[in-house]
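# after the sequence you'll find the predicted model.
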Amino acid sequence: MVMNIVAILIGILSAAPSTKPVGPEPEPAQGAVLAREFLATRDASRRQQIAQRLATYDSAIEAVLAKLRQQEHTKTETGYRPREHFSTAALRKRHPNDLLYFTVPESYKPQQSTGLIVFMHGGGRTTSRRAPAVFMDFPEPDGPKIDMAFGDVFAASEMIAVGPSAPWDESTPYRWCVEEADAYLADVILECKSRFNIDPDRVVLMGHSMGGFGAFHQIQRSPDRYAAVISSSGAWSLGYLPTLRGTPICFLNGVHDARPGVRWHYTDVEYGRQTHTLLTALNLDHQYIEHDGKHSIGYNRRQIVDYLSSIRRTRRDPYYPHIALATPTGFRSDHRFAVTDNRWLTLNEAEPGEIRYDELRSNGADDFDDWRLTHRTTKRHGAAIEAVNEGNNRITLTTHNVRRLTIWLHPRMIDVKQPVQIGVNGRMLKSVPVQMSLATALESYERRQDWGLIYPAKVDIVVPK
C-alpha cells in the first residue's frame with residue numbers, strides 16, 4: 001500500500017518541558033533514584049511530575065543510565081547447576097513450576113561481563129520440565145558416541161548457558177512458539193542478568209528440534225533480543241523473512257533426519273536447503289550447515305563448537321541501519337501473533353490489509369518417497385514496515401497497512417544537533433528537529449525491559465488513509 005499523505009509529529013514525551021530548569025545539575029545517582037520511581041509508578045499524573053524533574057538530567061542521560069545499569073554480582077558456583085527455580089520474587093511468581101538448568105564456565109568472573117546462551121530443548125506437548133537435563137549436563141566419559149549432552153560445548157564457549165523448561169501448553173507440540181514464549185524468554189534473560197554479569201548485547205538463542213522451530217519463530221518476532229540465533233533440526237512453514245535482517249542465524253539439518261519407517265519429514269533436510277536459498281537471495285546474514293547425520297543434536301557437536309567460537313565476540317547492534325518489522329509473525333500460519341517492536345521501530349497502529357509472506361509447503365503425500373517441499377509466496381492479513389537509516393540524518397520508510405509508528409533515535413544513529421529528514425513511501429518530508437530526553441530514554445526501556453535497547457529521542461509518524 002502506498003500512502004500519498006504523511007503527517008509527522010515530534011514524539012518527545014509530552015511531560016518534558018521545552019526549556020530546561022536553571023541551576024546546578026544534580027548528581028546522576030539522584031537522577032537514577034528518580035528514574036526508578038518513574039519506571040515503577042503507573043499513575044499518569046505522578047509520571048508527568050517526575051518527567052518534568054527528569055528534564056534536569058537531559059544533558060547527563062548516559063551518566064544516569066549507567067547508574068541504572070549498575071548491578072553488583074557475587075562469586076558463584078561454576079559447572080553444571082540443574083533444576084533451579086526463578087529466584088527473583090516477581091519472576092518466581094509468574095513461573096512457579098518452571099525449571100532452569102545452568103552451565104557456568106570456570107572462566108566466569110563476576111566483575112567481568114560475559115555472553116549468555118539460552119538453549120531451547122526439544123520434545124513435544126507433554127515433555128517434562130526436566131528435559132533440559134538431557135542437553136545441559138556434561139557428557140559421560142564412556143557415554144554414547146553421539147551424545148546429546150552439550151555442557152562441555154557450552155562451557156568451552158566461555159559463555160554462561162541456561163536451559164529453561166518450555167512454557168507448558170499441552171495443546172501444541174510447538175511449545176517454544178506459543179504466544180507467551182516471547183515474554184517467557186525475556187524473563188529467562190532477566191533472571192540470568194540478576195544472577196550473573198551478562199552483557200545484554202551478547203545473548204545467543206539456540207534450539208534443537210522443538211527448540212529449532214522456536215529459533216525460527218523467535219528470530220522473526222524478537223530479532224533485537226539476540227546477537228545470533230542457532231537452529232538445530234528445526235523447520236518453518238510461514239515467514240516474513242526481511243525481519244531477520246541484522247541478526248545472524250545458523251541453521252543445521254541432517255541429511256538423514258527423515259528416514260522411512262522411522263521419522264517423517266517434519267524437519268527434513270529440504271527445509272534447510274530451501275531456507276538457505278531464500279536467505280541467500282535476500283542477502284541475509286546466515287550460515288547453513290548440512291551434516292551427514294540424523295535428528296540428534298549430537299551429530300552437530302563439532303559444527304556448533306566451531307560456530308560458537310566464530311561468534312564469541314559477536315555483539316547485537318541496536319542501531320542496525322536496515323531493519324524490518326511485520327505483524328503478525330510466527331513460524332507457521334496457526335502460530336502467528338502480533339508484534340510491535342524491532343530495535344528502533346515501534347508499530348503503534350495497523351490498518352486492515354494483506355502483506356506477502358514466504359511459505360514452505362509440502363505436497364501432503366502419504367507415501368514417504370513421494371513427499372515434496374516447495375516454496376511459494378502467499379498473501380495474508382498483516383502490516384509491515386521497512387526502515388533504512390541512509391546516513392547524513394536521512395531515514396526512509398516503506399509501510400504496508402500502517403497507520404501510526406514511532407522511530408526511536410540515538411546519537412549513534414544520527415547527529416542529534418541537526419534536524420533529521422524522514423521519507424515515507426517515496427515522499428521525502430521536510431527536516432524536523434530532534435530533542436534528547438531522559439524521560440524518552442526511560443520510555444524506550446519500558447518497551448523491551450532491556451538496557452541494551454535505549455533510545456533517548458523519538459519521532460512519531462502518522463500515516464493517514
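Nice, thanks for sending it over.
# after the helix-or-strand element of the chain with minimal mean pLDDT, next one along is what?
When the helices and strands of the chain are scored by mean pLDDT, DSSP states H and E, strand 7-10 comes last with a mean of 44. Under the assignment DSSP states H and E, the closest C-terminal helix or strand after strand 7-10 is helix 28-40.
# low-confidence ranges, this protein, go.
For the chain, residues meeting the criterion pLDDT under 70 lie at 1-26, 430, 464.
# and the strand ranked longest in it, what does it pack onto?
Scanning the chain for the strand with the most residues, using DSSP state E, yields strand 198-208. In this structure, strand 198-208 makes packing contacts with strand 114-120, helix 181-195, helix 210-221, strand 228-232, judged by 3 or more C-beta pairs under 8 Å, 6 or more residues apart in numbering; DSSP states H and E. For every residue, glycine as well, the C-beta is placed using N, CA and C.
# dump the ones you listed into TSV; add distance to Ser444 and mean neighbour count as well.
Below are these laid out as TSV (distance: least, C-beta to C-beta, whole Å; neighbours: other C-beta atoms under 10 Å):
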stretch	distance to Ser444	mean neighbour count
strand 114-120	22	24
helix 181-195	15	19
helix 210-221	19	28
strand 228-232	23	28
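# would you turn these into TSV with distance to Glu72?
Output for the helices and strands packed on strand 198-208, formatted as TSV (distance: least, C-beta to C-beta, whole Å):
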stretch	distance to Glu72
strand 114-120	15
helix 181-195	11
helix 210-221	30
strand 228-232	28
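# with respect to Arg130, which of those lies nearest?
Comparing the helices and strands packed on strand 198-208 by their distance to Arg130 (C-beta to C-beta), the top pick is strand 114-120, with 14.1 Å.
# in its sheet, what does that closest one sit against?
Using DSSP bridges, strand 114-120 pairs in its sheet with strand 160-164 (parallel), strand 198-208 (parallel).
# what does the helix or strand that that strand is followed by rub up against?
Next helix or strand after strand 114-120 toward the C-terminus (DSSP H and E): helix 132-136. The contact list for helix 132-136 (C-beta atoms under 8 Å, 6 or more residues apart in numbering) reads 80, 82-83, 99-103, 119, 121, 148-151, 154, 161, 163-165, 208, 297.
# now swap in stretch 179-191 and tell me
With C-beta under 8 Å, 6+ apart as the contact definition, stretch 179-191 has outside contacts at 86-88, 91, 94-95, 100, 116, 118, 162, 164, 166-167, 175, 198, 203, 205, 214, 217-218, 221-222, 225, 337, 448-450.
# rewinding a little: of the helices and strands packed on strand 198-208, which is nearest Leu238?
Smallest distance to Leu238 across the helices and strands packed on strand 198-208 (C-beta to C-beta): 9.4 Å, for helix 210-221.
# CA-only coordinates of the closest one in CSV, if you can.
What follows is helix 210-221, C-alpha atoms only, in CSV (Å, rounded to 0.1, in the frame of the first residue of the first chain):
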residue,chain,number,x,y,z
MET,A,210,11.1,-28.3,19.0
GLY,A,211,13.6,-25.6,20.1
GLY,A,212,14.8,-25.4,16.5
PHE,A,213,11.2,-24.4,15.4
GLY,A,214,11.3,-21.9,18.3
ALA,A,215,14.5,-20.4,16.9
PHE,A,216,12.9,-19.7,13.5
HIS,A,217,9.9,-18.4,15.3
GLN,A,218,11.7,-16.1,17.7
ILE,A,219,14.2,-14.5,15.2
GLN,A,220,11.1,-13.2,13.3
ARG,A,221,9.4,-11.9,16.4
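# what helices or strands is that helix leaning on?
Packing partners of helix 210-221 (3+ C-beta pairs under 8 Å, 6+ apart): strand 114-120, helix 181-195, strand 198-208, strand 228-232, strand 249-254.
# can you show me the CA trace of the shortest one as CSV?
Listed in CSV are the C-alpha atoms of strand 228-232, where the atom choice follows Å, rounded to 0.1, in the frame of the first residue of the first chain:
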residue,chain,number,x,y,z
ALA,A,228,22.8,-14.5,17.0
VAL,A,229,20.4,-17.4,16.7
ILE,A,230,21.1,-21.1,16.1
SER,A,231,18.5,-23.6,14.9
SER,A,232,19.4,-27.3,15.0
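# contacts for that strand?
Strand 228-232 is contacted by residues 204-209, 211-213, 215-216, 218-219, 223, 247-252, 297, 300, 304, 307, 311, 314 when judged by C-beta under 8 Å, 6+ apart.
# swap the cut-off to 7 Å and go again
For strand 228-232, the external contacting residues (C-beta atoms under 7 Å, 6 or more residues apart in numbering) are 204-208, 212, 215-216, 219, 247-252, 297, 300, 304, 307, 311, 314.
# so what angle separates the directions of it and strand 198-208?
Angle of strand 228-232 versus strand 198-208, following axes from the mean of the first three to the mean of the last three C-alpha atoms, to 10 degrees, is 20 degrees.
# what lines up beside strand 228-232 in the sheet?
Taking DSSP bridges as the criterion, strand 228-232 sits next to strand 198-208 (parallel), strand 249-254 (parallel) in its sheet.
# in a markdown table: those, plus distance to Thr277.
Below are the strands paired with strand 228-232 laid out as a markdown table (distance: least, C-beta to C-beta, whole Å):
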| stretch | distance to Thr277 |
| --- | --- |
| strand 198-208 | 22 |
| strand 249-254 | 12 |
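# for Lys75, which of those is the nearest?
When the strands paired with strand 228-232 are compared by C-beta to C-beta, strand 198-208 sits nearest Lys75, at 15.6 Å.
# how far is that closest one from where the chain is centred?
9 Å (C-alpha atoms, centre = their mean, to the nearest Å).
# if we can go back for a sec, quick one, which of the contacts of stretch 179-191 are buried?
86, 91, 95, 100, 116, 118, 162, 164, 166-167, 175, 198, 203, 205, 214, 217-218, 221-222, 225, 337, 448, 450 (16 or more other C-beta atoms under 10 Å).
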